[in-house]
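Q: Sequence and computational prediction follow.
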Amino acid sequence: METVLSITNLTKNFGRLKAVNNLNLQIKRGQVFGMLGPNGSGKTTTLGMLMGVVNPTSGDFSWFNERPTNDVRKKIGAVLEHPIFYPYLSGLKNLELNAMVKQCDPSNIARVLELVELSERKDDKYKTYSLGMKQRLAIASALLNNPTVLILDEPTNGLDPMGIAEIRELIKRIADDGKTIILASHLLDEVQKVCTHFAVLKKGNLVHTGPVDDVGKGEEIVEVIADVQNLNEYLLAFMGTTSVNRENGSFQITMREGFKSKDLNKYLFEKGIIASHLVTKKKSLEKQFLEILSEA
Ligand SMILES: Nc1ncnc2c1ncn2[C@@H]1O[C@H](COP(=O)(O)OP(=O)(O)OP(=O)(O)O)[C@@H](O)[C@H]1O
């Protein structure tokens, strides 16, 4: 798969603070790539360097295997911070102005308004828009010149659940349209729901990278409820168990690699135990994220 972005030993120091430390990453075409990390982990600084608004202290990166010149950056749309729109102008007028500044084809305006589902509200003044609509207009503006890559910094920050859901759907539509998306977020749930790949940053260091689908691979957690005394002991005695935790009236069994829930079910059955509830769960990104951060 074609490499869209290649980062080599990228570093940014602010005085003695290493905001980004020797970062190495590859992002391929079509990925929705999440940069995950707690506040202050270096996500915004990294995106700033990639967009040419922050000067790296050392290291390198290339877009589409080319040096990051202004021409190359035209293939990248970004919503890094709150963009400036005129409150008394309509969404449409604001986009027309942006299209003029960016020298892009005005015929794209209708297309991006449709994509972000603002066509019906295009003539309303920007100041009347909800926060979610403002964010969608910002994304529309970033898409005006039909970029190959879209960069979003904390795209759902401050939005209500409805606004968050709309932005997530929009991100999926943009990805389905064939664009590569790089988004920074401190929300695990967000990355798990919309991203195909992710990297975890901690204090400027890359501590993990890989496909979202690989999270929890090889380690199943099975939730069991059965009306039996000492169920805990039976579960611990099963050779496919690595640990057993009690949570809200059920037992959560972390399975040894190679063992599946059906093996556990069979074992319990042979012991004369009928489980009233037996569900396989994937280890959540949250659990994995917390483990990654505590290991690092
Ligand atoms: N212009 C600057 N001058 C000095 N320090 C800075 C500057 N910009 C960022 N930093 C510091 O660099 C570190 C990384 O900040 P950055 O904003 O990149 O993190 P982040 O992961 O995006 O966090 P957040 O989610 O809070 O935005 C922080 O310790 C921050 O205080």
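A: Okay, I see it.

Q: Would you mind listing what in the stretch 1-150 of the chain touches the ligand?
A: Taking Cβ under 6 Å from any ligand atom as the criterion, the stretch 1-150 of the chain approaches the ligand at residues 14, 17, 19, 37, 39, 40, 41, 42, 43, 44, 45. Where you see a C-beta, it was placed from the backbone N, CA and C, and this is true even at glycine.

Q: can you rerun that using 8 Å?
A: Within the stretch 1-150 of the chain, the positions lying close to the ligand (Cβ under 8 Å from any ligand atom) are 12, 14-15, 17, 19-20, 37-48, 54.

Q: same check, this time on the stretch 151-296 of the chain
A: For the stretch 151-296 of the chain, the residues found near the ligand under the criterion Cβ under 8 Å from any ligand atom are 153, 154, 184, 186, 201, 203, 204.

Q: I'd guessed residue 110 sits against residue 119; true?
A: Yes - Residue 110 is within contact range of residue 119, at 7.4 Å (criterion: Cβ atoms under 8 Å).

Q: Can you flag which of the residues of the stretch 1-150 of the chain next to the ligand belong to helices?
A: Judged by DSSP state H, helices contain the following of those: 43, 44, 45, 46, 47, 48.

Q: OK, contacts around the first one?
A: Remark: with contacts taken as Cβ atoms under 8 Å, 6 or more residues apart in numbering, residue 43 is in contact with 35, 36, 37, 153, 184, 185, 186, 201.

Q: Could you point out which residue ranges in the stretch 1-150 of the chain have low pLDDT?
A: Using pLDDT under 70 as the threshold, the predicted model of the stretch 1-150 of the chain has no low-confidence range.

Q: which stretches of it form strands?
A: Along the stretch 1-150 of the chain, the stretches classed as strands by DSSP state E, counting those that start in this stretch are 3-14, 17-28, 32-36, 58-63, 76-79, 149-153.

Q: Just the residues contacting the fifth one, thanks.
A: The set of residues that contact strand 76-79 without belonging to it, under Cβ under 8 Å, 6+ apart, is 47, 50-51, 63, 135, 138-139, 141-145, 147-153, 155.

Q: who does it pair up with?
A: Next to strand 76-79 in the sheet, as set by DSSP bridges, lie strand 149-153 (parallel).

Q: Distance from the strand it pairs with to the middle of the chain?
A: For strand 149-153, the distance between its averaged C-alpha position and the chain's averaged C-alpha position is 11 Å (Cα atoms, centre = their mean, to the nearest Å).

Q: related to what we said a few turns ago, can you flag the buried ones in the contacts of strand 76-79?
A: A residue is treated as buried here by neighbour count (16 or more other Cβ atoms under 10 Å); on that basis the buried members of those are 47, 50, 63, 135, 138-139, 141-145, 147, 149-153, 155.

Q: Could you pick out the longest helix of this protein?
A: The residue-count maximum for a helix in the chain (DSSP H) belongs to helix 161-176.

Q: per-residue confidence averaged over that one?
A: Computed over helix 161-176, the mean pLDDT rounds to 93.

Q: Next, the buried residues of that helix.
A: Across helix 161-176, burial judged by 16+ other Cβ under 10 Å covers 163, 164, 166, 167, 168, 170, 171, 174, 175.

Q: so what does it touch, helix or strand wise?
A: With contacts defined as 3 or more Cβ pairs under 8 Å, 6 or more residues apart in numbering; DSSP states H and E, helix 161-176 has these neighbours: helix 108-115, helix 131-142, strand 180-185, helix 188-194.

Q: can you list contacts of it?
A: Applying Cβ under 8 Å, 6+ apart, the external contacts of helix 161-176 come out as 30, 32, 115-117, 130-132, 135-136, 139, 143, 150, 152, 155-156, 159, 181, 183, 190, 193-194.

Q: now that helix: how far from the chain's centre is it?
A: Taking Cα atoms, centre = their mean, one finds the center of helix 161-176 at 12 Å from the center of the full chain.

Q: now do stretch 172-188
A: Per Cα atoms, centre = their mean, the displacement of stretch 172-188 from the mean C-alpha position of its chain is 7 Å.

Q: Dump the C-alpha coordinates for it into PDB.
A: Output of stretch 172-188 as PDB, limited to C-alpha atoms (Å, rounded to 0.1, in the frame of the first residue of the first chain):
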ATOM      1  CA  LYS A 172     -16.400   7.600   8.000                       C
ATOM      2  CA  ARG A 173     -18.000   9.200   4.800                       C
ATOM      3  CA  ILE A 174     -14.800  11.100   4.100                       C
ATOM      4  CA  ALA A 175     -12.800   7.900   4.500                       C
ATOM      5  CA  ASP A 176     -15.200   6.000   2.300                       C
ATOM      6  CA  ASP A 177     -14.500   8.700  -0.300                       C
ATOM      7  CA  GLY A 178     -10.900   7.400  -0.400                       C
ATOM      8  CA  LYS A 179      -9.200  10.000   1.600                       C
ATOM      9  CA  THR A 180      -6.500   9.300   4.200                       C
ATOM     10  CA  ILE A 181      -7.400  10.800   7.600                       C
ATOM     11  CA  ILE A 182      -5.100  11.600  10.500                       C
ATOM     12  CA  LEU A 183      -6.700  12.600  13.700                       C
ATOM     13  CA  ALA A 184      -5.500  13.500  17.100                       C
ATOM     14  CA  SER A 185      -7.600  12.500  20.000                       C
ATOM     15  CA  HIS A 186      -7.400  11.800  23.700                       C
ATOM     16  CA  LEU A 187     -10.600   9.900  23.500                       C
ATOM     17  CA  LEU A 188     -10.000   6.200  23.300                       C
END
